[in-house]
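Engineer: This is the structure alone, sequence omitted:
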């Protein structure tokens, strides 16, 4: 099998560094370029990082992006012009930005996931089933914990899980968003989906979805212990998207969940 030429954006970030490490260990990939939002005057794995430019992306078969929303949209603008496939692990997009991503996906294949792990995507699938199965007497909330340096809250994964609740109820997610708390020891269930985000230490990621009728509680949870599971999931997504037609895909497509 011919190797896939890979570009990694945000190469100096936590996930960027992990993706470089994982891609070097994966024989399916040939790392051809790295980018960052500032000039980096040193080589990484024999590659000098560039800014997000056409020249940086021209040799890539697929671009993996774990950065910030503004940067991701910059990447998509260039990738769209060059007809490059993009895997997005960036989180924290506004509704307007989400719509822009959908617009770009009409021109190029884009796989976007708030979380690249098999376990989390299974958790979302189970969340949909639980939400669909439990009646309207059950109130909901989503709790997540990440390392102290994570800026966006709720996390992209927490929002994914919220969307899973909304999908199960066949309702618009944005109309179901309730209160958003930060670093609360306890927070209430709601008719809408309440979120609580805890930032502490070096926690990689912990998520819990709970449904309560007042008489019983149903909880689904997932905890990540190794950041490599996210980079390996992103590489799986990058292999999968080769040969796909323009469109907006998710890890659900990769994992073939119905």
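Structural biologist: Here it is on my side, so go on. In this text, all values refer to a predicted model and were calculated from it rather than measured experimentally. Numbers count the residues shown, from 1 in each chain.

Engineer: Quick one: residues contacting residue 78.
Structural biologist: 52, 53, 54, 57, 84 (Cβ atoms under 8 Å, 6 or more residues apart in numbering). To be clear about C-beta, it is placed using only N, CA and C from the backbone, and glycine gets the same treatment.

Engineer: how near is the second one to residue 74?
Structural biologist: Right, the one you point to is residue 53. 10 Å (Cβ to Cβ, to the nearest Å).

Engineer: and what of the first one?
Structural biologist: Between residue 52 and residue 74 the distance, using Cβ to Cβ, works out to 5 Å.

Engineer: Between the two, which is the more surrounded one?
Structural biologist: Taking other Cβ atoms under 10 Å, residue 52 and residue 74 do not tie; residue 52 has more neighbours (22 against 19).

Engineer: Next, the more buried one: secondary structure please.
Structural biologist: What DSSP: H, G, I helix; E, B strand; the rest coil gives for residue 52 is coil.

Engineer: Give me the local confidence score for residue 14.
Structural biologist: Residue 14 carries a pLDDT value of 88.

Engineer: Residue 258 now?
Structural biologist: On pLDDT, residue 258 comes in at 64.

Engineer: Confirm residue 79 sits in a helix?
Structural biologist: Yes: under three-state DSSP, residue 79 falls within a helix.

Engineer: mind giving me the domain split of this protein?
Structural biologist: Each domain of the chain is listed here as a residue range: 4-112+227-255, 118-224, per automatic domain parsing.

Engineer: outside of the helix or strand where residue 101 lies, which residues touch it?
Structural biologist: In this structure, residue 101 sits in helix 95-104 according to DSSP states H and E. By Cβ under 8 Å, 6+ apart, the residues outside helix 95-104 that reach it are 69, 72-73, 76-77, 79-80, 88, 93, 110, 112, 174, 248.

Engineer: Tell me the confidence at the residue most central in space within the chain?
Structural biologist: The centroid of the chain falls nearest to residue 114 when counting by Cα atoms, centre = their mean (2.2 Å). Residue-level confidence at residue 114 comes out at 83, pLDDT.
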